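# Got a sequence here, can you model it:
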Amino acid sequence: MEYLLQVKVGALFGLLLLTLFFGFIPARVKWFRRTDGTETHRTVLSLVSCFAGGVFLAACLLDIIPDYLSDINSVLDSRNLETNFPLPEFIMAVGFFTVLILERMVLNCREARATANERAPLIQGDRRGHSHTASPDLESSGHHVHVDFQAHSPFRSFMLFLSLSLHSVFEGLTIGLQNTDSKVLEICIAILVHKSVIVFSLSVKLVQSAIRPLWLAAYIGVFAVMSPLGIAIGISVMEAQLEAGALIQCVLEGLAAGTFIYITFLEILPHELNSPGKQLLKVLFILLGFSIMGALTFLG
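Predicted coordinates for the structure are as follows:
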């Protein structure tokens with residue numbers, strides 16, 4: 001096995017193991033799963049969630065969208081395709097509206113199957129007339145917080161996982177398509193640091209969505225495999241000397257970017273900023289998460 005291939009295989013296993021390690025920290029530590037903790041516990045968990053929101057905001061604006069726009073513009077230029085229509089932005093909009101429509105369909109079906117108790121606000125003691133049901137653990141904890149409990153729904157968590165997973169495949173593909181070992185190591189180190197922060201933040205969001213532990217483990221496991229899968233695909237393409245499929249890859253990147261825009265701006269940030277208390281501290285932690293990812297992007 002030539003040295004370049006050995007470096008790529010080593011990067012594959014390194015990404016897999018490190019992603020699993022950081023992904024299972026929030027999943028395995030009981031502190032992140034508590035719903036009846038003290039005021040300090042709730043505040044710290046909220047700030048951790050705000051930090052994750054800053055990470056995802058930076059990933060969206062500084063990583064996913066620029067990478068996609070650069071890739072698709074390069075492909076369009078190489079194929080001599082010129083148009084006055086903003087095709088790259090339109091593809092992102094398709095991804096955005098796809099998630100919006102799917103989520104509205106899911107919520108509409110859930111409302112249609114709602115029981116009589118869920119539709120009776122006087123029985124539930126809901127004086128604000130919300131159509132959704134609050135989390136029993138949080139309501140019974142004696143610390144009522146006016147938040148959107150659909151914000152951490154399993155569906156939105158799944159879409160977040162899906163968009164990040166697609167992006168991870170493309171990151172791995174970048175490593176697999178390199179033709180020098182120094183470039184492989186350089187990109188791999190950057191992705192290792194980047195994915196460690198991302199997978200920790202993703203795991204926090206999955207824990208907050210209260211999905212079953214088995215599904216949580218499956219999410220983290222599948223996400224950890226995505227970058228190595230991209231590396232394997234890139235190695236196969238390099239070995240077979242194939243260059244087809246670049247446009248399809250860019251379209252998938254655009255759909256994933258649109259999905260990520262929806263999740264970031266309509267789910268993560270509104271949920272954190274609409275919850276009362278510690279507003280300036282929350283903004284500070286969002287800025288902290290954004291700054292760390294921005295610094296990694298600048299150095300990377």
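
# Give me the pLDDT for L281.
At L281, the pLDDT value in this model is 91.

# I figured L185 hits V7, correct?
Yes. Using C-beta atoms under 8 Å, L185 makes contact with V7 at a distance of 6.5 Å. For every residue, glycine as well, the C-beta is placed using N, CA and C.

# which one of these two has more residues nearby?
V7 (19 against 16; other C-beta atoms under 10 Å).

# so who does the more buried one touch?
Shown in contact with V7 (C-beta atoms under 8 Å, 6 or more residues apart in numbering): 181, 184-185.

# Starting from E171, give me the distance back to it.
16 Å (C-beta to C-beta, to the nearest Å).

# same question, L160
For L160, the distance to E171 - C-beta to C-beta - is 16 Å.

# Past the helix or strand hosting L252, which element shows up next along the chain?
Using DSSP states H and E, L252 sits in helix 246-263. As assigned by DSSP H and E, the chain's next helix or strand after helix 246-263 is helix 269-273.

# Please identify the buried residues of that next one?
269, 271-272 (16 or more other C-beta atoms under 10 Å).

# Identify the residue nearest L269 in space, chain neighbours excluded?
G53 (5.4 Å; C-beta to C-beta, 6 or more residues apart in numbering).

# which residues touch the one you found?
264, 268-269, 272, 286, 289.

# For the residues you listed, give me a markdown table that also has pLDDT.
Below are the contacts of G53 laid out as a markdown table (pLDDT from 0 to 100):
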| residue | pLDDT |
| --- | --- |
| T264 | 78 |
| I268 | 71 |
| L269 | 81 |
| E272 | 72 |
| I286 | 91 |
| G289 | 88 |
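
# Closest one of those residues to V197?
G289 (8.1 Å; C-beta to C-beta).

# what's around that closest one, how many residues?
24.

# Then I65?
I65 has 20 nearby residues by other C-beta under 10 Å.

# Verify the contact between it and A256 for me.
No. Using C-beta under 8 Å, I65 is not in contact with A256, being 10.2 Å away.

# Can you find the helix or strand of the chain with the lowest average pLDDT?
helix 136-139 (a mean of 38; mean pLDDT, DSSP states H and E).

# what packs against the following helix or strand past it?
Per DSSP H and E, the first helix or strand lying C-terminal to helix 136-139 is helix 154-176. Helix 154-176 is packed against helix 3-28, helix 87-112, helix 181-208, helix 213-240, helix 246-263, with contacts defined by 3 or more C-beta pairs under 8 Å, 6 or more residues apart in numbering; DSSP states H and E.

# Using the three-state scheme, assign S275.
coil (DSSP: H, G, I helix; E, B strand; the rest coil).

# how close does it get to L202?
S275 is 20 Å from L202, by C-beta to C-beta.

# Give the closest residue to F13 in space, chain neighbours not counted.
Nearest to F13 is P228, by C-beta to C-beta, 6+ apart, at 7.3 Å.

# how far away is the one you found from S165?
12 Å.

# Show me which of those two is the more surrounded one.
Set P228 next to S165 and count neighbours by other C-beta under 10 Å: P228 wins out with 23 against 19.

# That one: what's it in contact with?
Counting by C-beta under 8 Å, 6+ apart, P228 makes contact with 12-13, 15-16, 172.

# Check these and tell me the two furthest apart.
So, the contacts of P228 by C-beta to C-beta: farthest apart are F13 and G172, at 12.1 Å.

# Could you check which of the two has the larger neighbour count?
Using other C-beta under 10 Å as the criterion, F13 and G172 rank with G172 on top: 29 against 11.

# Tell me which residues touch the more buried one, please.
Counting by C-beta under 8 Å, 6+ apart, G172 has contacts 12, 15, 191, 226-234.
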